[in-house]
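*Asks:* from the sequence below, what's the structure:
(chains A, B, C and D)
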There are 2 protein chains.
Amino acid sequence: MRAVNVSERVPMLPNSSSSMPPMRERSEKARAVLEGAFQVFMAQGYAAASMDRIAATAGVSKSTLYSNFQDKEGLFLALMQEMTFASRQEAFALLSQADLQAPPQQVLRQIAVCMLDSFEQNQPLLTLMRLVIGESDRFPEVAKTFVTDITKPMLDQLTLYLSSQTQLQLPDPVIAARIFAGSLVHYLIIQKLLHGDDVLPLERDRMIDGLIGMITAQQSPAP
Amino acid sequence: MRAVNVSERVPMLPNSSSSMPPMRERSEKARAVLEGAFQVFMAQGYAAASMDRIAATAGVSKSTLYSNFQDKEGLFLALMQEMTFASRQEAFALLSQADLQAPPQQVLRQIAVCMLDSFEQNQPLLTLMRLVIGESDRFPEVAKTFVTDITKPMLDQLTLYLSSQTQLQLPDPVIAARIFAGSLVHYLIIQKLLHGDDVLPLERDRMIDGLIGMITAQQSPAP
DNA sequence: CGCGAACCATACTAAACGGTTTAGTTGACA
DNA sequence: TGTCAACTAAACCGTTTAGTATGGTTCGCG
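*Replies:* As a prediction, this is how the structure comes out:
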């Protein structure tokens, strides 16, 4: 361990809930390694990525790489933990950005737009999803962490909000939340990950409108 | 090419629409190679799979492998084409197995059960989906083929049926089909691919019931 | 019988892989 | 000034990779 100056960079948040992941108290080099690992792993996948390329991309020697992480698998796991944790706040901020006093149609639209923006603009999140799915067989813990830290909080928030809107008369808010999030995520997978925009074009606003219309149409017989 | 006896195995369907994929007119060895490639690629992914292991699994020499396929990428593309084509009929048979005269709730339940069964029992289809998503960056054509040959036909059929059920008064059947299929596929991804059954348990019947209830509740004010 | 095609096992090449080791450099601290 | 930990580039190890080459065996067909 290098002696670390107190003035270097204080995390300022002690870990959100002081749980498992040893977050930002990594050495400067270790963070550089993770940055390089991010680029290479995301672009090439786990098996195709080489430690040499990661070291080169990180601007770091291979020795440093192995002094900060046990091996290739350890580096990959650390990166995935880091990325999943970094994306947690986006999942948690879904409702906090919406004006909850507005009518449900408006709130749901804000949430949907926020979700699609998180995935569309933030390419890392989309790439992370592809990697998590693609490697879910060899790294089941990574997949579970993703579900626990990102999918579940998102669904829980949605369920909570939908439950609170009693005038929607949703018979099963848990399922409604699944339908809402699932339809949007599936839309993203088809259009963005699988390049379906060419063969199955579908404008984002039409998807959002239709989805909200279906969820809010549970009780209203249409005037 | 080996001289092939007419009595060997006739495809019996000349290619469904005589399109691109050169189907079953492969030599016996080539089919063995594809079978081995299927096992190894599905278990290890593209980069981690080795041609030696594929040859061994297929019970075939490496020479045979390279005499039937140009290189690793060519073998992978051929396999993906073959698998996607083989899964087409499952996607096309969605409506043909349902009793279209029954009330929509019943038909939609049959379709949903049929879909989930296709993916749950038929592990290959689920594995194919993971592979297609995982390699969608390095093999975009594979992803596009998947969408064109599996996703699009499925959605088209659903849209057609939903449009025909005018009493459902769906404002946008295209979107309704997306919601229906998307919710189910997302359910499969979370529960089966990402091993979410532990952390986010959700029984399949509850999902189906809720989904059908939401789609068929467009106009009925509940008695 | 003999031709030729398809197959087999084996061994090879050149390169890349994960991981280790070596020798040498830097900079903070006592 | 001397020490020590962290770093560097580079070589190295044994293994594995994709792909090719060789030589021998089987088998249908004329």
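
*Asks:* got a pLDDT number for A:Phe117?
*Replies:* If you look again at residue A:117, you'll see it is Asp, not Phe. Predicted confidence (pLDDT) for A:Asp117: 89.

*Asks:* what about it, how many residues nearby?
*Replies:* Using other C-beta atoms under 10 Å in any protein chain shown, A:Asp117 has 12 neighbouring residues. Heads up, the C-betas are built off the backbone N, CA and C, glycines and all.

*Asks:* now A:Leu170
*Replies:* Around A:Leu170 sit 23 other residues, with neighbours defined as other C-beta under 10 Å.

*Asks:* tell me how far it lies from B:Ala58.
*Replies:* According to C-beta to C-beta, to the nearest Å, A:Leu170 stands 52 Å off from B:Ala58.

*Asks:* then A:Lys62?
*Replies:* 36 Å.

*Asks:* compare neighbour counts for these two and give me the winner.
*Replies:* Using other C-beta under 10 Å as the criterion, A:Lys62 and B:Ala58 rank with B:Ala58 on top: 23 against 13.

*Asks:* contacts only, for the residue lying closest to the more buried one once chain neighbours are set aside.
*Replies:* The shortest distance from B:Ala58 to any residue other than its chain neighbours is 2.7 Å, reached at B:Gly36 (C-beta to C-beta, 6 or more residues apart in numbering or on different chains). Each residue near B:Gly36 by C-beta atoms under 8 Å, 6 or more residues apart in numbering or on different chains is listed here: B:Ile54, B:Ala55, B:Ala56, B:Thr57, B:Ala58, B:Gly59, B:Val60.

*Asks:* and chain A, which of its residues are near DNA strand C?
*Replies:* Within chain A, the residues that sit near DNA strand C (C-beta under 7 Å from any atom of the strand) are A:3, A:5, A:49-53, A:62-63, A:66, A:71-73.

*Asks:* can I get those residues in a markdown table with secondary structure, pLDDT and distance to chain B?
*Replies:* Shown next, in a markdown table, are those (DSSP: H, G, I helix; E, B strand; the rest coil; pLDDT from 0 to 100; distance: C-beta to the nearest C-beta, whole Å):
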| residue | secondary structure | pLDDT | distance to chain B |
| --- | --- | --- | --- |
| A:Ala3 | coil | 31 | 40 |
| A:Asn5 | coil | 30 | 40 |
| A:Ala49 | coil | 93 | 9 |
| A:Ser50 | coil | 92 | 10 |
| A:Met51 | helix | 93 | 14 |
| A:Asp52 | helix | 92 | 15 |
| A:Arg53 | helix | 92 | 13 |
| A:Lys62 | helix | 89 | 20 |
| A:Ser63 | helix | 90 | 25 |
| A:Tyr66 | helix | 91 | 21 |
| A:Asp71 | coil | 91 | 16 |
| A:Lys72 | helix | 92 | 12 |
| A:Glu73 | helix | 93 | 13 |
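
*Asks:* just flag the most distant two among these.
*Replies:* Taking C-beta to C-beta as the measure, the residues of chain A next to DNA strand C span a maximum distance of 33.8 Å, between A:Asn5 and A:Ser50.

*Asks:* these two: who's more crowded?
*Replies:* Each of A:Asn5 and A:Ser50 has its neighbours counted (other C-beta under 10 Å); A:Ser50 has more, 12 against 7.

*Asks:* for that one, what are phi and psi?
*Replies:* phi -110, psi 150 (degrees, to the nearest 10).
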